[in-house]
Structures are given as C-alpha cells and as structure tokens.
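Q: Turn this into a model:
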Amino acid sequence: EYRPASMNDVCCAVRKILEFLCLYGCTVAVETVSYKAAPTRRVIHSALNREELEAILDVPDRDTPMGKRDYAVLLLASFTGLRAIDIANLRFENYQPEQKTIHLLQHKTGNLIGLPVPAEVVEAIEDYTQNGRPDVDSDYIFLTIDRPHRKLSDKTSIKNILIRQLKRSSIGYSPGTGRGFH
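A: Residues are numbered from 1 along each chain as shown. Predicted structure coming up:
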C-alpha cells in the first residue's frame, strides 16, 4: 500500500524461500502459491499533437518579459527535446545564435551534446534576451521575473512555466493526464 513497487521484492523473497524449502526436501504445492509478481504496468501518455502545441505557444503574452521568456522556453523545448533541468541551466556560453546551435553537458547523462536550433527559436531567445530579460550580470539565459533576478531554480521552474500556460490555454491542466514537461 505504501510502496506498490515493493511487491516484486516480496515475491522475490517468497520465491527464494520456496526454492530453499524444495532444496531441503519439503513439498510445496507450487500451484497453490502465486509467487510471481504481475508485470509493472506503466502508463505511457501520448505526446502533445501539433494543434495542442500551437495552442500552448499562442498563450504567452510576448509583449511582456514573462511572456517572452515563457515563449522562448516552450519553443526551445518543443524543437530540441531538452530536459527541463538543461533548459534551466542553459548559459550563454552554450548557445551560439550565429551558428544556430546549442552545445551543453546534459545534467542527467553527463553527455556532451550539440543540437541545431531553428531560426524561429533563435528569434524567440534573442527577443527575450534583448527585450525581456532583466539587465543583470548572469551567465544563465533564463532568469526569474521577480527580484532578485537569478537563474531559474531547477526543472520545477520550467515545469511550472508549462503548467501555467496549459492552464491558460484551451487544453487546460489536471495532474495525472500526462500533460507535463517530461
């Protein structure tokens, strides 16, 4: 009840006990004992389709600093598939707008990757950095709107951007539907 995934551990222990008993001559009616766990069933949610993505991207008010940032973050995520933590940690040194590329060390895997960035994403990031980003000395591209301006804290900050825009869109947001950043 508290750890549903622990049933596999319980079943493994029961299986070992039954093997031990059989090894030392005890008769166990195996048919009456269910000691094999049912396979874990993971729900795989469908990805956003093109219309849903466009509905989300239409929501941020690109005349405001927050809207410019949120739009750039969501557009970057949709074109590159970067993890939220990697977007939160994105620095100017990782971003080459002239070459339309991003090079970074992935947080989760530790792999160095290089990704092409479409012109549309470069334009959104440039609009944010030139016309919406607070004028503070920080290596990080995406910053908080509230003072003191600092880098977005972690993957939760990026996830919250998506959730806020989902709630404001025609799609809406409710937990457990798979409508999340990951």
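
Q: For the closest residue to G172 other than its chain neighbours, which three-state class applies?
A: Leaving aside its sequence neighbours, G172 sits nearest to L166 (C-beta to C-beta, 6 or more residues apart in numbering; 6.6 Å). The C-beta positions use only the backbone N, C-alpha and C, and glycine is treated the same way. Recorded secondary structure, L166: helix (DSSP: H, G, I helix; E, B strand; the rest coil).

Q: and stretch 100-112, which residues are buried?
A: Residues of stretch 100-112 classed as buried under the neighbour-count rule (16 or more other C-beta atoms under 10 Å) are I102, L104.

Q: quick one: low-confidence ranges for the chain?
A: Residues of the chain meeting the criterion pLDDT under 70: 1-5, 28-46, 182.

Q: Point me to the residue sitting farthest from the middle of it.
A: Largest separation from the mean C-alpha position in the chain: G25, at 52.6 Å (C-alpha atoms, centre = their mean).

Q: For that residue, give its distance to G132.
A: 77 Å (C-beta to C-beta, to the nearest Å).

Q: just L152 next, same as before
A: Between L152 and G132 the distance is 14 Å, computed by C-beta to C-beta.

Q: When those two are compared, which one has more neighbours?
A: Of the pair L152 and G132, L152 is the one with more neighbours under other C-beta atoms under 10 Å, namely 23 against 20.

Q: who's in contact with that one?
A: Residues in contact with L152 (C-beta atoms under 8 Å, 6 or more residues apart in numbering) are I87, A88, Y140, F142, L143, T144, I158.

Q: burial count for the last one?
A: To tie it back to what came earlier, the one meant is I158. Applying other C-beta under 10 Å, I find that I158 has 26 neighbouring residues.

Q: could we number from 36 for the rest of this?
A: OK, 36 is where the count begins now, so the last one is I193.

Q: pretty sure it contacts L125?
A: No - using C-beta atoms under 8 Å, I193 makes no contact with L125, being 10.1 Å away.

Q: if we can go back for a sec, include secondary structure and distance to L56 when you put the contacts of L187 into JSON lines, please.
A: JSON lines is the format used below for the contacts of L187 (DSSP: H, G, I helix; E, B strand; the rest coil; distance: C-beta to C-beta, whole Å):
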{"residue": "I122", "secondary structure": "helix", "distance to L56": "54"}
{"residue": "A123", "secondary structure": "helix", "distance to L56": "53"}
{"residue": "Y175", "secondary structure": "strand", "distance to L56": "60"}
{"residue": "F177", "secondary structure": "coil", "distance to L56": "60"}
{"residue": "L178", "secondary structure": "strand", "distance to L56": "63"}
{"residue": "T179", "secondary structure": "coil", "distance to L56": "61"}
{"residue": "I193", "secondary structure": "helix", "distance to L56": "53"}
